[in-house]
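*Asks:* Just need the structure, nothing else, for what follows:
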Amino acid sequence: MPLRTIIQDVTGKPTIDGAGVRLVRVLGSPTVKTFDPFLMLDAFDSTNPDDYTKGFPTHPHRGIETFTYLVNGAIEHKDSLGNEGVIRDGDCQWMTAGGGILHQEMPLASPRMLGLQLWINLPAKHKMVDPKYRDITAPMVPHVAEDGATVAVVAGRYKDVNGAAQGDYVDVRFLDVRLKPGARWQMEADPAHTVFVYVYAGDCFLLEGREPILARHAYLLGEGDAVSFEGGDAECRFVLVSGAPLREPVAWGGPIVMNTEEELMQAYFDIEEGRFIKHWVPQHK
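*Replies:* The predicted structure follows:
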């Protein structure tokens, strides 16, 4: 099987978002075309609650899905559909904003706050679908133990194992891989899909060309139907993400992502005129 190699290395940049949350923005507007259908990847890793407890107060989304994967920590959340709760170590939340949703995410002080949020673009024909929320708890995520590696199948399918969730509108696979020092691990990949890797602990090598894979970088992998890794000096933990590209125009303004500037303007008109939320569940006091 032809192995994929690195064709783009994106370094995460520290930034402040929400009401004052310090994070690393890895993917964003400059990478929209090459990482299609993935719009944004934010990484957070802190032992200082002052970095994140101001959180993300209520804000709107339209036209995307947000996929939050929490390795360590706790985040309170609630939305206009009436969903609310706390996600903790190993949990994930997959929110389809569709035609419009309001939600908030408020991280709680924890010994360590470590995780990722990925934005997935919605196809034009599904931009305005009904919003939906999926709560994926750690016990729901299957783990595949292999020689030298353990693979948590958070979304999609790995070998003959279905993940905790499947994409309704975009075929997404999200794997959290633990790779032992010096171990080798290989995975088949759909040649038509965008594939990238992000390391959040340790380091490893892409076996083809023995290219180093470093933390806080997103590596876009080129053509091929497989990808192969070799562990470094310490245990490496990384996410391997893949999805079918949409190849559609993107009009992006803050939390709203549409296909045209007219659609983007309409979304903000809807917010101003109180028509943005079409599926509202009153919050109980």
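*Asks:* any idea which element L220 lies in?
*Replies:* Element membership for L220 (DSSP states H and E) is strand 217-221.
*Asks:* Which element is encountered next along the chain beyond that strand?
*Replies:* That would be, after strand 217-221 and using DSSP H and E, strand 226-231.
*Asks:* got the buried residues for that following strand?
*Replies:* Residues 227-231 are the ones in strand 226-231 that count as buried (16 or more other C-beta atoms under 10 Å). For glycine as for every other residue, the C-beta is placed from the backbone atoms N, C-alpha and C.
*Asks:* same deal with stretch 40-52?
*Replies:* By neighbour count on 16+ other C-beta under 10 Å, the buried set for stretch 40-52 is 40-46, 51-52.
*Asks:* What lies in contact with it?
*Replies:* By C-beta atoms under 8 Å, 6 or more residues apart in numbering, the residues outside stretch 40-52 that reach it are 12, 17, 21-28, 107, 109-119, 198, 200, 216, 218.
*Asks:* Looking at that stretch now, give me its mean pLDDT.
*Replies:* In this model, stretch 40-52 has an average pLDDT of 97.
*Asks:* that older thread, E273: which of the buried residues of strand 226-231 is nearest?
*Replies:* Nearest to E273 out of these is V227 (C-beta to C-beta; 47.4 Å).
*Asks:* For beta bridges, what are the partners of L206?
*Replies:* Beta-bridge pairing for L206 (DSSP bridges): E211, F229.
*Asks:* Next, count neighbours for it.
*Replies:* Using other C-beta atoms under 10 Å, L206 is surrounded by 20 other residues.
*Asks:* G274 too?
*Replies:* 7.
*Asks:* now it, what's its secondary structure?
*Replies:* Three-state assignment for G274 (DSSP: H, G, I helix; E, B strand; the rest coil): coil.
*Asks:* and it, how far is that from L102?
*Replies:* As defined by C-beta to C-beta, to the nearest Å, G274 lies at a distance of 12 Å from L102.
*Asks:* Contacts for the strand holding L220 next, please.
*Replies:* Outside of strand 217-221, the residues within contact range by C-beta under 8 Å, 6+ apart are 4-12, 26-27, 31, 34-35, 41, 189, 194-199, 206, 213, 227.
*Asks:* Low-confidence ranges, the stretch 1-150 of the chain, go.
*Replies:* 1 (pLDDT under 70).
*Asks:* For it, which segments count as strands?
*Replies:* Assigned by DSSP state E, counting those that start in this stretch, the stretch 1-150 of the chain shows strands spanning 6-11, 13-17, 21-27, 38-46, 56-61, 64-72, 75-79, 84-87, 92-96, 101-107, 113-121, 132-136, 143-146, 149-155.
*Asks:* what about R157, distance to G254?
*Replies:* For R157, the distance to G254 equals 33 Å [C-beta to C-beta].
*Asks:* Look at D203 and report its pLDDT.
*Replies:* For D203, pLDDT reads 88.
*Asks:* residues in contact with it?
*Replies:* Applying C-beta under 8 Å, 6+ apart, the residues near D203 are 212-215, 232-234, 236.
*Asks:* Narrow the residues you listed to just the buried residues.
*Replies:* By neighbour count, with 16+ other C-beta under 10 Å, these hold 213, 215, 232, 236 as buried.
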